[in-house]
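Enquirer: Just need the structure, nothing else, for what follows:
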Amino acid sequence: MAEAIKQRETLYKLIISQLHYDGCEAVAAALAKTTNIISPCPPCARLLEIVNLGLAAEAEGIVAHLLTLANDLATKGIDLEYESDAHSTTPPAAIYETYYVTAHKAPCRAASFSPNGKLVATGSVDSSIKVLDVDRMVAKNTMPQVHDQGQGMNLENHPVIRTLYDHAEEVTALEFHPCAPVLISGSKDCTVKLFDISKPSVKKAYKAVQEAEVINSMSFHPSGDFVLVSTEHPTIRLYDVNTFQCFVPSNPREYHTEPVTMVKYAPSANLYASCSNDGSIKIWDGVSNRCVATFPKAHNGAEIFSVQFSFNSKYVISSGKDSLVYLWELATGRAVNMYTGSTMTNYRTQAIFNHTEDFILVADEKNSSISCWDTRTTEKLKALPSGHNNHIRCLTHSPVGAAFVSCSDDFRARFWYCEGI
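Expert: Residues are numbered from 1 along each chain as shown. Have a look, this model is predicted:
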């Protein structure tokens, strides 16, 4: 405690000296009186120097982080150009087991993993958001069917570490900030909200953005400085996370013609992809915000539900109302693989990679199972019975390990895990 008081006193002295240096004598005197700083604080620009050094170090850290991330991602995942006899080293979906089940008070429709795979957030029609600790869910594997509202649980080890309430309607989208303890959410109440999840007692958002339409999806720039938002409108929004200034692509002729169902940044951040009810997929320049490629009628003219980049940003997978999943090669604009045998006709069902991109997963409406394909060969593998009693509305896979979450209209989110991988 004494050390903290001493540090704060040093800070106040630096501020007072900076104010004297800048000619703000009255403000400096008022601050000295308010903080009971008696010792003299001669004019000095030391505080400005410290701030500039800190900002420069922070900027270098962000750049270094992005360069490291880009190098790591370039060598991860699928690359059909250089693979001939690549074999899967990770388990298909049928091997996973339910390790934990959390229940909302209404259908569960949204979920997201944190970039480090340590947290999962789920969102519901009941307007609530839950944040769960992955390690704690794994530790509960001896009680896979125990629900989080059960009595007698040790709260210190409870998997649900936050419950957030600040939306008026269904939570439709969730995304974790790439490098800060922040969760962003979208809702049918037409708002985007940001929550500081580092504070256990805080259940409300610290920032809200009012949109005109229902929020469909969001995607953070890998730096965390910007976030893309798609709504029930043809125009994609880009928000500066610090100022919340909104930007839109400059050429309206490049816009989708119907609502944008999903928008997603490439891991390299140089591109982002969008898909729409109009049946097209668009690839956008991540710097200029201009459309650089359009795949019209990508799913035979059917509504497109989802898009996701591969780690190396060379490929995009998409799912559509035609019950097909495609793997697109961006260099040629061709669909190089097609995955069939699952039913997706009534709900916006996402196709997702597993954490190594060896497999593609999607929810099958026909029997609420989870379909799985070998990404390279397109072979449809054994499906995973989900245990859900209603349609699966969302799938999200951990970016770092053999774990995923399924959300269902049966009010539940199931955490799936494969031990030892």
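
Enquirer: Please make it C-alpha for all contacts and neighbour counts, starting now.
Expert: OK.

Enquirer: Name the helix or strand of the chain that has the lowest mean pLDDT.
Expert: Lowest by mean pLDDT, DSSP states H and E among the helices and strands of the chain is helix 46-74, with a mean of 66.

Enquirer: Show me the helices in the protein, by range?
Expert: Assigned by DSSP state H, the chain shows helices spanning 2-21, 25-35, 46-74, 134-139.

Enquirer: Tell me how far the closest residue to Leu327 other than its chain neighbours lies from His158.
Expert: Distance criterion CA to CA, 6 or more residues apart in numbering; nearest residue to Leu327, sequence neighbours excluded, is Ile317 at 4.5 Å. Look at Ile317 and His158: by CA to CA, to the nearest Å, they are 35 Å apart.

Enquirer: Also Val120?
Expert: In terms of CA to CA, Val120 sits 14 Å off from His158.

Enquirer: ok, back up a step: who has more neighbours out of Ile317 and His158?
Expert: Ranked by neighbour count (other CA atoms under 10 Å), Ile317 and His158 place Ile317 first, with 23 against 16.

Enquirer: check contacts around that one.
Expert: 306-310, 325-328, 351-352 (CA atoms under 8 Å, 6 or more residues apart in numbering).

Enquirer: Which one (most neighbours) among the residues you listed?
Expert: Busiest of the contacts of Ile317 [other CA under 10 Å] is Val325, holding 30 neighbours.

Enquirer: Burial check on Leu19, number of neighbours?
Expert: 23.

Enquirer: Assess the claim that Ala266 and Ser313 are in contact.
Expert: Yes - using CA atoms under 8 Å, Ala266 is in contact with Ser313, at 5.7 Å.

Enquirer: these two touch, right, Val120 and Ile129?
Expert: No - here Val120 lies out of contact with Ile129, judged by CA under 8 Å, at a distance of 10.3 Å.

Enquirer: Report the central residue of this protein.
Expert: In the chain, the residue lying closest to the centroid (CA atoms, centre = their mean) is Glu175, at 3.0 Å.

Enquirer: OK, contacts around that one?
Expert: 111-114, 183-185, 218-220.

Enquirer: wait, which of those is closest to Glu365?
Expert: Ala111 (18.2 Å; CA to CA).

Enquirer: okay, now the closest one: neighbour count?
Expert: 29.

Enquirer: which ones are touching it?
Expert: 120-123, 173-175, 394-396, 405-407 are the contacts of Ala111 under CA under 8 Å, 6+ apart.

Enquirer: Which segments of this structure make up each domain?
Expert: Using the TED database, the domain ranges for the chain come out as 8-34+45-60, 93-141+157-417.

Enquirer: For Leu80, find the nearest of these.
Expert: domain 93-141+157-417 (7.3 Å).

Enquirer: How far does the closest one sit from its chain's centre?
Expert: 7 Å (CA atoms, centre = their mean, to the nearest Å).

Enquirer: Now do the end-to-end distance for stretch 293-312.
Expert: Using CA to CA, the two ends of stretch 293-312 sit 18 Å apart.

Enquirer: got it, and stretch 167-175?
Expert: 15 Å.

Enquirer: for the record, mean pLDDT for it?
Expert: Across stretch 167-175, pLDDT averages out at 98.

Enquirer: in that stretch, what's buried?
Expert: 167, 169-175 (16 or more other CA atoms under 10 Å).

Enquirer: Among the residues you listed, which pair sits farthest apart?
Expert: Glu169 and Glu175 (17.6 Å).

Enquirer: give me the number of residues near Thr332?
Expert: 8.

Enquirer: mind showing which ranges of this structure have poor pLDDT?
Expert: 1-4, 58-76, 82-89, 142-156, 420-421 (pLDDT under 70).

Enquirer: Switch the contacts of Ala111 over to JSON lines; also include distance to Asn251.
Expert: Shown next, in JSON lines, are the contacts of Ala111 (distance: CA to CA, whole Å):
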{"residue": "Val120", "distance to Asn251": "37"}
{"residue": "Ala121", "distance to Asn251": "35"}
{"residue": "Thr122", "distance to Asn251": "35"}
{"residue": "Gly123", "distance to Asn251": "34"}
{"residue": "Ala173", "distance to Asn251": "27"}
{"residue": "Leu174", "distance to Asn251": "28"}
{"residue": "Glu175", "distance to Asn251": "27"}
{"residue": "Cys394", "distance to Asn251": "32"}
{"residue": "Leu395", "distance to Asn251": "33"}
{"residue": "Thr396", "distance to Asn251": "33"}
{"residue": "Val405", "distance to Asn251": "38"}
{"residue": "Ser406", "distance to Asn251": "38"}
{"residue": "Cys407", "distance to Asn251": "37"}
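
Enquirer: Please list the members of the residues you listed that lie in strands.
Expert: Among the contacts of Ala111, the subset assigned to strands under DSSP state E consists of 120-123, 173-175, 394-396, 405-407.

Enquirer: List only buried entries from those residues.
Expert: 120-123, 173-175, 394-396, 405-407.

Enquirer: And those residues, which is closest to His20?
Expert: Glu175 (44.3 Å).

Enquirer: measure the closest one to Ala413 for me?
Expert: 16 Å.

Enquirer: next one: Cys291
Expert: For Cys291, the distance to Ala413 - CA to CA - is 36 Å.

Enquirer: mind listing what Cys108 touches?
Expert: 122-125, 393, 407-413.

Enquirer: Quick one: residues contacting the residue nearest to it when sequence neighbours are not counted.
Expert: With sequence-adjacent residues excluded and distances taken as CA to CA, 6+ apart, Cys108 is closest to Ser124, at 4.2 Å. Going by CA under 8 Å, 6+ apart, Ser124 touches 104-110, 170-172, 411.

Enquirer: one more time with 7 Å, if that's ok
Expert: Listed by CA atoms under 7 Å, 6 or more residues apart in numbering, the contact set of Ser124 reads 104, 106-110, 170-171.

Enquirer: what's the span of stretch 206-215 from first residue to last?
Expert: Note: stretch 206-215 ends 18 Å apart using CA to CA.

Enquirer: which parts of it are buried?
Expert: 208, 211, 213-215.

Enquirer: what do you get for stretch 272-291?
Expert: In stretch 272-291, counting by 16+ other CA under 10 Å, buried: 272-284, 286, 289-291.

Enquirer: ditto for stretch 174-183
Expert: Quick answer for stretch 174-183 (16+ other CA under 10 Å): 174-178, 182-183.

Enquirer: can you check stretch 11-22 too?
Expert: In stretch 11-22, counting by 16+ other CA under 10 Å, buried: 12-21.

Enquirer: Much appreciated, bye for now.
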